[in-house]
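Visitor: Sequence and computational prediction follow.
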Amino acid sequence: MASDSSPGNINGGPSSPDDIISSPIGNTLSSPGDSTRRKRGRRSTAAYATPPPPASSRFATPEGTPTLSSTNPRRGRRRVSTATPTGAAATPSSTDDGPPSSEAGDADDADETPPMYVWGTNISVQDVNAAILRFLRHFRENPSQTEGKYMRAINYVIEIEGDSLDVDAHDVFDYDSDLYAKMVRYPLEVLAIFDIVLMDMVSRINPLFEKHIQARIFNLKVSTSMRSLNPSDIEKMVSLKGMIIRCSSIIPEIREAIFRCLVCGYYSDPVVVDRGRINEPLICGKQECLARNSMTLVHNRCRFADKQIVRLQETPDEIPEGGTPHTVSLLMHDKLVDAGKPGDRVEVTGIYRAMSVRIGPTQRTTYIDCLHLKKTDKSRMQAEDPMETENGTARSDDDTIDYDNKVEKLKELSQLPDIYERLTRSLAPNIWELEDVKKGLLCQLFGGNALTLPSGASFRGDINILLVGDPGTSKSQLLQYIHKLSPRGIYTSGRGSSAVGLTAYVTKDPETGETVLESGALVLSDRGICCIDEFDKMSDNARSMLHEVMEQQTVSIAKAGIIASLNARTSVLACANPIGSRYNPRLSVIDNIHLPPTLLSRFDLIYLILDKADEQIDRRLAKHIVALHFENPEILQEDIIDLPTLTAYMSYARKNIHPQLSDEAAEELTRGYVEMRRRGNFPGSSKKVITATPRQIESLIRLSEALARIRFSEWVEKQDVMEAFRLLEVALQQSATDHSTGTIDMDLITTGVSASERMRRENLVSTTRNIIMEKMQIGGSSTRLLELLEELKKQNSGAEVHLNDLRNALATLASEGFVVVHGDSVKRI
Amino acid sequence: MVGLPYDCLANPLGAVRLTFEKAVASGIDPATFDGKDWGATDLFRDFLYENDGLSQVPTLNDSTIRSLQPNTLVKFRGMIQDMLGNEFYVGAYKDGSVWRTNKFADHSQFPIGSSSDMRVWERRLLYCVPVPGQNSWTESFCQAAVAPFANSTSPAREKRQRENDVDMQDLDHEFQDSPSAKRKREESVPSQSSNLQANKIGETSSNTGLVPDFDGNSFPCLLKMYDSPESDLKLNDVFEFIGVLTFDTELKTDADEVTELNNSLYEEELTHLPPSKVPRIHCLVHRKLAVHDFLSSPTMLEPKPFLVKGIRETLLGHLTAVLGNDGLAAQFMLLHLLSRVHARVDTVAVGKLSLNLTCLNKESISIFGNRLNLAIRNLVPFAHSLPLTIDYLNSVSLAPRKDYQINRLVSGALQLAEGTHLTIDETRLQTGTLNSTGVDNARVLKSLTELQKVEYDFTYYKMDMAADIQMLILSEGKSNILPADLVLPLRPSSVDCYGDVDPELLKAWRWYLATMRSLPHSIEQEMQKVVEDDLVAARQADRSLGSQELSRLLTMGRLVSVSFGDTCLSLDHWQMVKELERLRRERLQGSV
């Protein structure tokens, strides 16, 4: 009972297609030449019933062999290829019926035999055969080509002596949707026929070609989710996405065994695997010897094939809430062995199969007999270099219709008039306010165009952003969010990062003693975004390493015999708390952030996120929180773009949109820049305020390019430039407002002290000097500080003077040797 | 439905078969049964809930496993610890001209003919464990219902005899699988008494030999679920499963058949969860359990206002006594015990209220820590406590982790069922260095307190799982590893022992906590305005108030009114929240 399920059953159902008529396909499978490496199991699929001797007895398998059942399907399949004698390609090594197809390679018309049908269906073997042949011969991607796509491919395979032909299922569908349907529904049979046809064609082109070429189907129309695989998918061709979590070691699988007689030394003929086992000859085959039980296996003359069992797990995004990922086993053969490593995201095409397990014949173990494996990584924005992707033509072929549809949708989206606002809204929707910061971050995500001049000079396209703000203004949340969204990126905390941890370091391999270069966070986030939290708490040493990265976009290493320059084309998103946990509006940004100006100027946008006591904002916050607690939270969601779409949108833009400056935009840029520079020289002021630096104009270009990208526009328009100016101004107005004059003052950023502040100090020093000159004699009695302050205030009726300011002024005078300061008293010398 | 022709308890499979045959007889094609029920679960549902069969179903646990017969109906309460994916099995097949089913069974009842027509169906495998931290008072109730029939089964000798019988048959079957042997077996099946029929083949292992591996806290069980929508069952949910218990046959090591392919393709759960150690239940009926289901008198009373108020007062008094006459702390403790995550908006878990009691040093923790633990254990169904030390943080893995070698989710201390109370004792934390495991653990703890999410480690990526755990942190100063919503210095004025608690009162308290926790809550338009104004005013006055603080105030408002059994926030309760907050702030300031 339990164990004696017949081999017919194991395939999982009455409609199971591997119960095909044993003969035609099996026979035709005769592999030409001795394929040193027998092809993967599938190849033999159809051949189930054709082990040389007991060929068609499949259905009548005696019940006495129950133990075999579980392995039968697979073994059986393998058997086929090995069973075939190493004859010429087209030799029909028929056991029973006449082979329909492989006669002298003339597969087109097999009319001399009665039509053969795939068992249990009305699919005619001849029809399929002809359909495949037609497809291979005549399929063209566009009508202008003289030679069919696959004819070229076959020729190419022959040329490079390859052993497989990749067949795009979409092509099959386009050419003959009926053939596609059959192929997906009855892959075992159809693929077997496919291979036969292929072999015939190859042998006609090059009769001497000895390798066995097989078709690898990929890119099915429909990709199944692992979760939805169900019994009805058994024995069908499926395509799955997932992540490899485990690879078994390579298992050598015997395909053909040779025995030697211990008595006479006679070598037996190769014994092929039959139903998963090798039938050891009991009697020596030599007529003169005939010794019993004398045969021993000769290992090094046997033929083995590689096999590997790989476990595929659902990708995180397919897992429903509250579930754990599903896994499925993949069976890899030959070339596919080690094609993927644990951790790779792949898309596999294969045949879903079930077989019974040892305990309980009612249970089934399922696996996928793998036909094709493709590494994918579409979940995040494409991190590859555009150059790289163009080289990988194989990959661009893979772009499915599905993908095209997606692109269409994205393009539609980009046509929306409010796409910029919409994207902004969709960015970290749970974070309150901060519209302009989000806009800046959006620009960072899209990025500008990197430019390399023929002279070798290069301009970065990455936008660096610094967020400085009061605690509790969701800076870290923003950072985390961006980190999640970015194509590739590292999130580090300044406190825990060292210089080498950020850039690169050299280690000695403990075993070989060789020096090895290990990449740090910045190098690892090449073409991504490196998020650095608590930037202010980073050690100066580590921070100084960022100078090179942020402008040159490289990391140079000269250490332990390795001199290297590594690419680190990364955008830096840093956030910092002001010195003393709250922002002190009296101090300049530099004093607040306490970062070296050299580093600061490398940020394109510096946002000050200040917690202003604005009742309006507070009220909105209160409303939001009350709603959060008492209303259905779903209602709060506005029309925002979901995360996957957002990522897709971004990756598409980064990959395909390379906006150029229009003349109008360039003009606006020039005008705006001049304006910015002029703004400092307002009438009545003699001080020189540097309003903008060349770095700013670069930033502006980058920002406007990013803004054009957001609209999927190939041209940077005037509006982009204006928005870029606005963004820069919003950021700068907050960060570089000179608190005494209210104008933008880049000196504040570059030197830490504003021009007006410098002037004020100078004024103060000279006033103090005058007072002292007036009131005190050289070597006379000392004066209290407070008295001096009173005097100063009298003279300087306009501006307020603080004791601190006075102390500073006195310190300047003391350094001139004009006065001596002892505690609270001042003495003129 | 009186006088059933079969015994749902002792021979559930017989009942399943009968319904199947009936369905087939009525002309329905068995092929259409895939993923559907033909009336079997309806029958059981009817039996369990309409005819009060539930109380007769024995509970499966480490103590009852010895006495339970395989292929009988059992009940198992547990948390879904891991999901092992789907399994295909031959669901229906043709035995000659008769359709048979294998649903709810490991083995086919009748031999599957070599050429028989068969249907492969699908079932889900769930790995369940008893709810972590389940308190003893909940179990006493569960065990009350151990069915009488398990004890009244035939004496051991007879049983053994029977098993030997079966063994013999099995041997027959394995070694000489001749038609005659099979016939013999087929004949022998009907000859056995009807309730033994279910016992048929396959039961080779003796019950007594199975058990030694079980201990109270790890009594795993493999559930095979049929026809349930995926969204029904979630990780860490607590369920009651009622189904057919089977101990599989021992793995037959059949030398002929050991092939590498089999070995490696072989489902790991079977090799790593040997049937002899993990019982299987073919689930017929399952139902999600709420805290209520763990109360001894599930349907106690209507939440009448005066009654609720009374219970509230006594409970508050009890908590005050436990906390050394610190009334304020008791107030907060009550709110804390009532909290639950009732909504999630993006990353914000709304409704959580973790409490950090500070000013506990080594001496006082030994008194109050133990007292608190005891008191909490007596009040909530699931409670867990974690003593935090450097060594502990460095050595264990708190978050669950997927082990790809055995393809299982390895549980961590933080894989807890929804609504579990977690006490973390930070007072024993010394200064020291955390290794990478320790840092990870600290991070996991922090994200649990802040977001109510536990990051499960899947090696190649991490996955956040939502949790709903009441966190109580005991520490000397404010805990920075575990940033709780509420920080309150404990000011005990006495360390007197408090007397024993009346069991009836305990019951009332449990009922109170369970019921009040699940009350819905809303807010009136006017009240909303008041609250908003108050929040704005508070924020204008103190800029350090962030959205978290405001959110916490609202949570407290909700909990205060819920603690009175009200479903709507009233002005009084809102005032009370503000007063509580003021007192807390005062105390915080005083302690600095």
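Guide: Structure received.
Visitor: what residues go with each domain of chain B?
Guide: B:12-150+B:213-289, B:305-518, B:519-592 (automatic domain parsing).
Visitor: Among the ones you listed, which comes closest to A:Val716?
Guide: domain B:305-518 (33.8 Å; Cβ to Cβ). For glycine as for every other residue, the C-beta is placed from the backbone atoms N, C-alpha and C.
Visitor: for that closest one, the distance to its chain's centre please.
Guide: Remark: domain B:305-518 is offset 18 Å from the chain centroid, using Cα atoms, centre = their mean, to the nearest Å.
Visitor: just the helices in the stretch 51-200 of chain A please.
Guide: Assigned by DSSP state H, counting those that start in this stretch, the helices in the stretch 51-200 of chain A fall at A:72-83, A:125-138, A:149-159, A:169-175, A:177-185, A:187-205.
Visitor: contacting residues around A:Lys775?
Guide: A:783, A:791 (Cβ atoms under 8 Å, 6 or more residues apart in numbering or on different chains).
Visitor: now do 7 Å
Guide: A:Thr783 (Cβ atoms under 7 Å, 6 or more residues apart in numbering or on different chains).
Visitor: Next, find the distance separating it from chain B.
Guide: Separation of A:Lys775 from chain B (Cβ to the nearest Cβ, to the nearest Å): 44 Å.
Visitor: ditto for A:Ile278
Guide: For A:Ile278, the distance to chain B - Cβ to the nearest Cβ - is 12 Å.
Visitor: Find the residue closest to that residue in space, skipping its chain neighbours.
Guide: Distance criterion Cβ to Cβ, 6 or more residues apart in numbering or on different chains; nearest residue to A:Ile278, sequence neighbours excluded, is A:Ala257 at 4.7 Å.
Visitor: just A:Arg543 next, same as before
Guide: A:Leu599 (6.2 Å).
Visitor: okay but the one you found is in contact with A:Val549, surely?
Guide: No: assessed by Cβ atoms under 7 Å, A:Leu599 is found out of contact with A:Val549, at 10.5 Å.
Visitor: Give me the longest helix you can find in chain A.
Guide: helix A:755-775 (DSSP state H).
Visitor: quick revisit: how about the helices of the stretch 51-200 of chain A, which one is nearest A:Ser248?
Guide: Across the helices of the stretch 51-200 of chain A, closest to A:Ser248 is helix A:72-83 (Cβ to Cβ), at 15.3 Å.
Visitor: any idea of the mean pLDDT in the closest one?
Guide: Averaging pLDDT along helix A:72-83 yields 37.
Visitor: Then stretch A:376-386?
Guide: 43.
Visitor: again, but for stretch A:278-298
Guide: 77.
Visitor: And for stretch B:447-455?
Guide: So the average pLDDT for stretch B:447-455 ends up being 85.
Visitor: hmm, who's touching it?
Guide: B:341, B:347, B:349, B:352, B:354, B:399, B:414, B:444, B:462, B:464-469, B:471, B:482-484.
Visitor: Tell me the buried residues within those.
Guide: The neighbour-count criterion (16 or more other Cβ atoms under 10 Å in any protein chain shown) marks B:341, B:347, B:349, B:352, B:354, B:399, B:414, B:444, B:465-469, B:471, B:482-484 among the contacts of stretch B:447-455 as buried.
Visitor: So which of the residues you listed sit within helices?
Guide: B:Val444.
Visitor: What about the buried ones among the contacts of stretch B:447-455, which are in strands?
Guide: B:349, B:465-466, B:469, B:471 (DSSP state E).
Visitor: Pull the most distant pair out of those.
Guide: Farthest apart among these - using Cβ to Cβ - are B:Met465 and B:Met471, which lie 15.8 Å from each other.
Visitor: where along the stretch 551-700 of chain A do the helices fall?
Guide: Under DSSP H, counting those that start in this stretch, the stretch 551-700 of chain A gives helices at A:589-593, A:597-600, A:615-630, A:633-636, A:643-656, A:663-679, A:694-710.
Visitor: Kindly reformat those as CSV containing mean neighbour count and mean pLDDT.
Guide: Listed next are the helices of the stretch 551-700 of chain A as CSV, based on neighbours: other Cβ atoms under 10 Å in any protein chain shown; pLDDT from 0 to 100:
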stretch, mean neighbour count, mean pLDDT
helix A:589-593, 21, 66
helix A:597-600, 17, 74
helix A:615-630, 18, 74
helix A:633-636, 12, 48
helix A:643-656, 19, 78
helix A:663-679, 16, 80
helix A:694-710, 24, 83
